[in-house]
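J.: Can you look at this prediction? I've put the sequence above it.
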Amino acid sequence: MPEAAPQIVLFTDFGLAGPYTGQMKAVLRRAAPASDVIDLFADAPAGNAKAGAYLLAAYAAWFPPGTVFLCVVDPGVGGNRAPVIVEADGRRHVGPDNGLFELVLRRATSARVRAVTWRPEKLSASFHGRDLFAPVAAKLAAGEAPAAREHSPERHADWPDDLAEIVYIDHYGNALTGMRAAGLPASAALTVAAGKRIAHAETFSAVPPETAFWYENSNGLAEIAVNLGRADRNLALTVGSAITVER
Amino acid sequence: MPEAAPQIVLFTDFGLAGPYTGQMKAVLRRAAPASDVIDLFADAPAGNAKAGAYLLAAYAAWFPPGTVFLCVVDPGVGGNRAPVIVEADGRRHVGPDNGLFELVLRRATSARVRAVTWRPEKLSASFHGRDLFAPVAAKLAAGEAPAAREHSPERHADWPDDLAEIVYIDHYGNALTGMRAAGLPASAALTVAAGKRIAHAETFSAVPPETAFWYENSNGLAEIAVNLGRADRNLALTVGSAITVER
Amino acid sequence: MPEAAPQIVLFTDFGLAGPYTGQMKAVLRRAAPASDVIDLFADAPAGNAKAGAYLLAAYAAWFPPGTVFLCVVDPGVGGNRAPVIVEADGRRHVGPDNGLFELVLRRATSARVRAVTWRPEKLSASFHGRDLFAPVAAKLAAGEAPAAREHSPERHADWPDDLAEIVYIDHYGNALTGMRAAGLPASAALTVAAGKRIAHAETFSAVPPETAFWYENSNGLAEIAVNLGRADRNLALTVGSAITVER
């Protein structure tokens, strides 16, 4: 059996509605028909490359080497940030050089960054996801080599290795932090602005209803949740809320 | 022409946003590449296995035998509810044994329930949809037999055959009841808490604008709607609202 | 290499949630398995065939000839509007004859409209998208010819060639007008109800943060945006808001 074509995984702030993701998929499916296109996040924090960087690093690591990530959180579209291909431990990431790949790069055993020099015949001013990044991702998935040159990416040495902030609120109201749970002892407590001190539990069913706890989520992040309730409402958490760790 | 691989149909309360459905699809497409994955409901009432049970039974029946349903409304994830495979009239359903399959079972001419004994190498505490249920659904779709043993499912004899409650509000504000329309004469009226008495009509264009009516929806449920308006707002209906039937 | 099967592109007001798009896709994938199904808009303005007509014409034009568009904005479902196939410059559109194709027809170099006379074995009263339009779109994509006869479509001569109204608000709060930017000089200003006069810019990064501007979006429409802000909130814009052009 031939090896399956790599999956193309979408990580964007396009939102769920509207024509953006659909047009990218139309491009991807035409140019890389053997590759599945997987929606990972369409609702990464809008225009927030920093929060996105911690989310992306945690979630991309779950996918096997070879996977192609098409990553578009690009408030500077039309400006002079470079389009890049970031290879990290065998995974390929395509997107803007604006910090979005900072944590992927920092955590990689081996990494290589190239600036894409290939350009499409028609490049709109505002939708590089469709016109530039998607064709490049499709070429990578299809085994082609889009024109590119070695590139020194924008780095953010001041960003911590783990971000003690909320980086995403999910459908259930669970609040994902930018901290990897592996670095926190189970005895650690997380304190939120409201002053509430939140202890660790293994999972939802380990605490009484309406009780807040933190746990290692299924992608390794420390996540604050409330059993049969909403952590975002109960604890007034939103993207950017600061967390304090008591060890 | 070889017979097409069965479709895998998703029925979850994961919501539309976030990484959950995407990760499940990444698993399904790798393990059952010949099967399409169809999003049926990603917004089944959250954590509400009872409302979900009536929705699922009505909508699953539209699909042909052989279809594999991956059903995750699982507030007890990490607890001791069993993962099950429910075969009912040729359709295969994978999910938690928490009542979600009660109406599928009750309406089946022939049914078989097995508890899944297969376990993945890595099982997260909180995302059995990705780590356990999706691989099992993919195996079934691909013609493999995941390890399982006969199982007596949790039953809910106190749940009625038809639920006189709202079980879902759709995008247009239409309110789906848990009652099959086939059991209601066209002369029946439905009364909602606000006291309003709602008569039957065949479809939207059969009543004047802004008029409430009930009709048999395209999957056989009695549904309350307002022509060119929103039933949820006009009649103050939400999931769980009680309905009275006047025959 | 054989020519790829045409893509089937969805343009509906079904919303993102609920079972409607999924059931249509289940039909399409069974009947036209070689064709990808692309979600373009699931959130076209609900029940608004006029706004939808300007959106559809702008976005359909981006796709190559041969593409099949399945278009369902159909508040009159169950009434007597005809189901039609609109061929325009090689693109095929399937949907209700209610004005939704007015601008596609008007802008086409060559066009042909047929009323679909094929009917399914079972046709629900309320979901022709699944039972009638999707099977017809699948037949077209698969190279079959559903039964149809020449048809004079409903025309709307009173609708302008470009609509000076907001026809869509996207995830970022950008407000799409129904006007093609190619007909507007860069010196034109757009005035909104609040009286604010909005000048042209090439793209977001060309104006200071929090500044409103209009630009030619990636599908040729004049779009009002605010750099790093939301035009809908800042300028009180919604679908239907009137725009005045000062040349």
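T.: Cool, the structure landed.

J.: Secondary structure class of whichever residue of chain A sits closest to chain B, three-state.
T.: Chain A approaches chain B most closely through A:His171 (2.7 Å), counting by Cβ to the nearest Cβ. No exception for glycine: its C-beta is placed from N, CA and C like everyone else's. The three-state assignment at A:His171 reads coil, by DSSP: H, G, I helix; E, B strand; the rest coil.

J.: show me the contacts for it.
T.: When contacts are counted by Cβ atoms under 8 Å, 6 or more residues apart in numbering or on different chains, A:His171 is found next to B:14-18, B:20, B:46.

J.: so how far is A:Val77 from it?
T.: Taken as Cβ to Cβ, to the nearest Å, the spacing of A:His171 relative to A:Val77 amounts to 28 Å.

J.: now swap in A:Ala164 and tell me
T.: Here the criterion is Cβ to Cβ. By it, A:Ala164 lies 30 Å from A:Val77.

J.: Look at these two and report which has more neighbours.
T.: When A:Ala164 and A:Val77 are compared for neighbours, A:Val77 comes out ahead with 20 against 15, by other Cβ atoms under 10 Å in any protein chain shown.

J.: Just the element for the one residue sitting closest to the centre of chain A, please.
T.: The residue lying closest to the centre of chain A (Cα atoms, centre = their mean) is A:Leu56, at 2.1 Å. A:Leu56 belongs to helix A:49-60 when elements are defined using DSSP states H and E.

J.: Next SSE downstream of that helix?
T.: If you walk from helix A:49-60 toward the C-terminus, the next helix or strand you reach (DSSP H and E) is strand A:68-72.

J.: The contacts of A:His171 also near chain C: which ones?
T.: Filtering the contacts of A:His171 for proximity to chain C by Cβ under 8 Å from any Cβ of the partner chain leaves B:Leu16.

J.: Do the helix holding A:Leu56 and chain B come into contact?
T.: Yes: figure legend: helix A:49-60 in contact with chain B (Cβ under 8 Å from any Cβ); contacting residues A:Tyr59.

J.: who does that helix touch, helix- and strand-wise?
T.: strand A:8-12, strand A:37-41, strand A:68-72, strand A:91-96, helix A:102-107, strand A:163-169, strand A:175-180 (3 or more Cβ pairs under 8 Å, 6 or more residues apart in numbering or on different chains; DSSP states H and E).

J.: buried sites along the fourth one?
T.: The reference is to strand A:91-96. Within strand A:91-96, the residues that qualify as buried by neighbour count (16 or more other Cβ atoms under 10 Å in any protein chain shown) are A:91-96.

J.: May I see the residues you listed organised as a markdown table, with distance to C:Pro209 added?
T.: Listed next are those as a markdown table, based on distance: Cβ to Cβ, whole Å:
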| residue | distance to C:Pro209 |
| --- | --- |
| A:Arg91 | 33 |
| A:Arg92 | 32 |
| A:His93 | 27 |
| A:Val94 | 27 |
| A:Gly95 | 22 |
| A:Pro96 | 18 |
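
J.: Reformat the residues you listed as TSV; add pLDDT and distance to chain B.
T.: Putting the buried residues of strand A:91-96 into TSV (pLDDT from 0 to 100; distance: Cβ to the nearest Cβ, whole Å) gives the following:
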residue	pLDDT	distance to chain B
A:Arg91	98	13
A:Arg92	98	16
A:His93	98	16
A:Val94	98	17
A:Gly95	98	17
A:Pro96	97	21
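
J.: Tell me the bridge partners for A:Arg180.
T.: According to DSSP bridges, the partner residues bridging A:Arg180 are A:Leu221.

J.: In TSV: the contacts of A:His171, plus secondary structure.
T.: As requested, these are exported to TSV (three-state DSSP):
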residue	secondary structure
B:Phe14	coil
B:Gly15	coil
B:Leu16	coil
B:Ala17	coil
B:Gly18	coil
B:Tyr20	helix
B:Ala46	coil
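
J.: which among the contacts of A:His171 end up buried?
T.: Burial of those was assessed by neighbour count (16+ other Cβ under 10 Å); the buried members are B:14-18, B:20, B:46.

J.: From these, pick the one nearest chain C.
T.: For chain C, the closest of the buried ones among the contacts of A:His171 turns out to be B:Leu16, at 5.2 Å, with distances computed as Cβ to the nearest Cβ.
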